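>>> A predicted structure for the sequence below; I have some questions about it.
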Amino acid sequence: MLVEEIRIEIKIKIRNRKRRSPVAFRCGLEFLWPGCILGPRMNALLLTGGRVIDPANHFDALADLLICEGRIAALGAEAAAKAPPEAKRLDATGRVVCPGLIDLHVHLREPGQTAKETMATGTAAAARGGFTSLLCMPNTAPAIDNSGTVALIHELAATHGRVNVFVAGTITKNGAGEELAPIGSLKQAGVVAITDDGRCVQNHEMMRRALEYAKMFNLPVLDHCQEATLVTDGVMHEGYWSTALGLRGWPAAGEELIVARDILLAELTGARVHCQHLSTAGSVRLLRAAKQRGLPLTAEACPHHFTLTDAAVAGSEKFWGTDGQSLVAFDAARSDLPAWPAYDTNFKMNPPLGDAADRAAILEGLADGTIDILASDHAPHCDYEKQVEFDYAPFGVTGLETELALALMQLYHAKRLSLGDLIAKFTVAPARLLGVPKGTLSLGADADVTVFDPELEWVFDKSASASKSINSPFYGWRLKGKAVAAIVGGQTAWVDQTRFAGV
Ligand SMILES: [Zn+2]
């Protein structure tokens, strides 16, 4: 940067400060020219006494964390000493302080489906769930298959977003699977991944070409693995319960065939392929073997797939009487177990809930590292769309606000993963896959920080949700573990006022 340019930027910065614009704290030359030189007051926050866990730096200790001017400024003994007197303080004693959580599978529904969710409500739900960054899926209306729509999402995010919004573009035009989207110009417009999520490219030659282009542009390809001719019009997992309930079944092979296809094409092209929302034991087995051969694949799992099973579609009584018994923190004899009827459409999602063996395999895959990333597949739908017969309801459930708790319960409290390994699947792993500078508390990094209490018990209340939609299967569930603050770029995007009064 030329000296003259630096002078101009400083002038702009000082002018912004006089206007008390928050922009002054977000941009400018803090990194080169610390804000304290330019003004008498710093925008600082000191988090004290928390257990700081940063898997990217292998850090796990009780420590203070100082945030200044939107950046991580100090960690440990130095933090309190360096904090300016005007710094806000947040007592994190008894809580975990970690890099801001990232959810790389979120349907914000904007543009075009704002009755279900908007940029404002979706990102508010993300912040409340402890997420500071998300990747929005491109199956909107219109689809994110051109640079203009990418620019629109960036603008919406800048205006209404509570958290960082990264954008995925489609693999094919309109996600229709017939013609490749302009992958190069999507990359130029700022997408960090491509996916036809909600659908799956059925033409293997087209998928091969998409992977080759994606490799040229260093973009990961996220695949919703679903073989259409096997799945046809299935609405739930094919097995005992689909037969008992008289619902059309969706065979596990409908997912596994495409996981196998993707493994073969990853080997053929060398492109980075990421399998979304894995739901079957066979998928985990295939992926484990592929990763052992060193192929460039990654995968994600969603809380509903590693908590619930297809027995839940038969109603709460059947679920708690069978597969629900093994859930940690849920004693089948308890009188306040959540209840729901058979054919409840909040248990209809794509891919569908598997059986108990599938759930066990997903948990095992998460524990042994076969599955790298945790994600919600937050898929809001209007109540009138869901309040129809099971066959006719759209697939999908909301998930941003319950995701952390369910992951803590099924992985940490159930002693399958350490806290550090769990946090890695929400932070450094998705950041690396997407190539975004997030997921770490390194000095100088963006001050995206999540504070959560892993022991806090709470009940998920429909009326307290920030999402515009109410299609979660977990209302009324007593959960263990909760985010209490989400800090984005040094600013509190959400804080639980009942626990941090005055912040
Ligand atoms: Zn999907």
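Here it is on my side, so go on.

>>> Not counting residues beside it along the chain, what's closest to the residue in the chain that the ion sits nearest to?
Closest to the ion within the chain is residue 224: 3.7 Å, counting by C-beta to the ion. From N, CA and C alone the C-beta is placed, and that goes for glycine too. Closest residue to residue 224 apart from its sequence neighbours, by C-beta to C-beta, 6 or more residues apart in numbering: residue 197 at 4.6 Å.

>>> what do you get for residue 87?
residue 44 (3.6 Å).

>>> Name the helix or strand of this protein that has the lowest mean pLDDT.
Ranking every helix and strand in the chain by mean pLDDT, DSSP states H and E puts helix 23-26 at the bottom, with a mean of 33.

>>> and the residue of the chain closest to the ion, how far is that from residue 237?
The gap separating residue 224 from residue 237 is 16 Å, by C-beta to C-beta, to the nearest Å.

>>> gap between the residue nearest to residue 87 and residue 275?
For residue 44, the distance to residue 275 - C-beta to C-beta - is 42 Å.

>>> neighbour count winner among these two?
Shown here are residue 44 and residue 275; by other C-beta atoms under 10 Å, residue 275 has more neighbours (26 against 22).

>>> State the pLDDT value of residue 103.
pLDDT recorded at residue 103 is 98.

>>> One more: residue 22?
Value for residue 22, per-residue pLDDT: 34.

>>> List the beta-bridge partners for the residue nearest in space to the middle of the chain.
Centroid-nearest residue in the chain: residue 103, 1.4 Å away (criterion: C-alpha atoms, centre = their mean). As for beta bridges, residue 103 partners with residue 134 under DSSP bridges.

>>> So it sits against residue 131, correct?
Yes. Contact criterion C-beta atoms under 8 Å: residue 103 and residue 131 qualify, at 5.0 Å.

>>> Give me the common contacts of these two.
Here residue 103 and residue 131 have 400, 403 as joint contacts, going by C-beta atoms under 8 Å, 6 or more residues apart in numbering.

>>> quick one: residue 336 from residue 393, how far?
27 Å.

>>> and what of residue 148?
For residue 148 relative to residue 393 (C-beta to C-beta), the value is 32 Å.

>>> quick one: which of those two has more around it?
Higher neighbour count among residue 148 and residue 393: residue 393, with 20 against 11, using other C-beta under 10 Å.

>>> Relative to residue 435, how far out is that one?
36 Å.

>>> Buried ones in stretch 280-294, by neighbour count?
For stretch 280-294, the buried set under the neighbour-count rule, 16 or more other C-beta atoms under 10 Å, comprises 280-288, 290-291.

>>> Could the C-alpha coordinates of that stretch be exported in PDB?
Backbone C-alpha positions of stretch 280-294 (Å, rounded to 0.1, in the frame of the first residue of the first chain) are rendered in PDB as follows:
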ATOM      1  CA  THR A 280     -26.300 -45.000   6.500                       C
ATOM      2  CA  ALA A 281     -23.900 -47.600   7.900                       C
ATOM      3  CA  GLY A 282     -22.900 -48.600   4.300                       C
ATOM      4  CA  SER A 283     -21.900 -45.000   3.500                       C
ATOM      5  CA  VAL A 284     -19.600 -44.800   6.600                       C
ATOM      6  CA  ARG A 285     -18.000 -48.200   5.600                       C
ATOM      7  CA  LEU A 286     -17.300 -47.100   2.100                       C
ATOM      8  CA  LEU A 287     -15.900 -43.700   3.200                       C
ATOM      9  CA  ARG A 288     -13.700 -45.300   5.800                       C
ATOM     10  CA  ALA A 289     -12.100 -47.600   3.300                       C
ATOM     11  CA  ALA A 290     -11.600 -44.700   0.800                       C
ATOM     12  CA  LYS A 291     -10.000 -42.500   3.300                       C
ATOM     13  CA  GLN A 292      -7.700 -45.300   4.400                       C
ATOM     14  CA  ARG A 293      -6.500 -45.300   0.800                       C
ATOM     15  CA  GLY A 294      -5.700 -41.600   1.100                       C
END
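
>>> Other residues contacting that stretch?
225, 252-253, 255-256, 259-260, 263, 266-267, 275, 278, 297, 299, 351, 354, 357-358, 360-362, 364-365, 368, 370-371.

>>> Try it again at 6 Å.
252, 255-256, 259-260, 263, 297, 299, 354, 357-358, 361, 365, 370 (C-beta atoms under 6 Å, 6 or more residues apart in numbering).

>>> Restricted to buried residues, select these in PyMOL.
Per 16+ other C-beta under 10 Å, the buried members of the contacts of stretch 280-294 correspond to this PyMOL selection:
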select buried, resi 252+255+256+259+260+263+297+299+354+358+361+365+370
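
>>> restrict the contacts of stretch 280-294 to contacts with the ion.
Within the set of the contacts of stretch 280-294, contact with the ion (C-beta under 5 Å from the ion) is found for no member.

>>> Take the contacts of stretch 280-294 and write them to TSV, including pLDDT and secondary structure.
What follows is those, written out as TSV (pLDDT from 0 to 100; DSSP: H, G, I helix; E, B strand; the rest coil):
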residue	pLDDT	secondary structure
252	98	coil
255	98	helix
256	98	helix
259	98	helix
260	98	helix
263	98	helix
297	98	strand
299	98	strand
354	98	coil
357	98	helix
358	98	helix
361	98	helix
365	98	helix
370	98	coil
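
>>> Distance to residue 57 added to the contacts of stretch 280-294, as CSV?
Supplementary listing: the contacts of stretch 280-294 in CSV, determined by distance: C-beta to C-beta, whole Å:
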residue, distance to residue 57
252, 39
255, 36
256, 37
259, 33
260, 36
263, 32
297, 26
299, 24
354, 36
357, 37
358, 35
361, 32
365, 26
370, 24
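
>>> what's the closest of the contacts of stretch 280-294 to residue 482?
Lowest distance from residue 482 to the contacts of stretch 280-294 (C-beta to C-beta) belongs to residue 365, with 25.4 Å.

>>> What number of residues are in the vicinity of the closest residue to residue 111 other than its chain neighbours?
Computed as C-beta to C-beta, 6+ apart, the closest residue to residue 111 that is not its neighbour in sequence is residue 140, at 5.5 Å. Residue 140 has 22 neighbours, counted by other C-beta under 10 Å.

>>> Was I right to think residue 416 contacts residue 367?
Yes. Using C-beta atoms under 6 Å, residue 416 makes contact with residue 367 at a distance of 4.5 Å.

>>> Redo the buried residues of stretch 280-294 as TSV? Include secondary structure, pLDDT and distance to residue 61.
Formatted as TSV, the buried residues of stretch 280-294 follow (DSSP: H, G, I helix; E, B strand; the rest coil; pLDDT from 0 to 100; distance: C-beta to C-beta, whole Å):
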residue	secondary structure	pLDDT	distance to residue 61
280	coil	98	39
281	helix	98	38
282	helix	98	41
283	helix	98	37
284	helix	98	33
285	helix	98	37
286	helix	98	39
287	helix	98	34
288	helix	98	33
290	helix	98	36
291	helix	97	31
